[in-house]
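# Okay, predicted coordinates and the sequence, questions at the end:
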Amino acid sequence: MKLLLVFALCATSAYGGVVSTTSCGGVGTWRELRINGCEGASCNMRPGTPFAFEADFVTSSASPSLCLDVTAVYLGFPISIISTELENSSVQPGQLYTVRFTITPNDQLSGNELPVSASVGRCNSGLIEICRTVRVYVI
């Protein structure tokens, strides 16, 4: 399910449609989530098709590295999609950053709507900078 992971300093881009999210915690400041091929309250995903996510946020404090965790809930059980330390992810407080990752749903999820949550936090202490949830419908 995981394909690509990149961490980069944010620059304004026309990456994908802005998708509505709900908070699942974090001490940083949330900006927005963009997913290619999606826009609005939820995202319709076709199995086997990669969907690139791009999330903007402002960190609350300095950290030598950040970790990304992406989880879906299916039939009441959490499914880890991505759990990794982001390379070259040293951050400073008050700066705008963007995290990019890609997921590809499989056909076993067809016909289901599920929440997908992404959190970015300090690897060493577990402090979460941002956590956001988006509704995904696998067609």
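The structure has been received and is ready for your questions.
# C-alpha only now, for contacts and for neighbours.
Fine.
# Not counting residues beside it along the chain, what's closest to the residue positioned nearest the centre of the chain?
Geometric centre of the chain, nearest residue: Ala118, 3.9 Å, by Cα atoms, centre = their mean. Here the nearest residue to Ala118 in space, its sequence neighbours aside, is Val70; by Cα to Cα, 6 or more residues apart in numbering that works out to 4.3 Å.
# okay, now the one you found: neighbour count?
21 (other Cα atoms under 10 Å).
# again, but for Leu127
Here the count is done by other Cα under 10 Å, and Leu127 has 14 residues near it.
# again with Ser89
The burial count assigned to Ser89 is 19, neighbours taken as other Cα under 10 Å.
# and what of the one 3 residues further on?
Residue neighbour count, defined by other Cα under 10 Å, stands at 15 for Gln92.
# residue contacts, it?
Under the criterion of Cα atoms under 8 Å, 6 or more residues apart in numbering, the contact partners of Gln92 comprise 59, 61-63.
# From those residues, keep the buried residues only.
By the neighbour-count criterion of 16 or more other Cα atoms under 10 Å, those include these buried positions: 59, 63.
# Just the pLDDT at Leu9, thanks.
Looking at Leu9, its pLDDT is 32.
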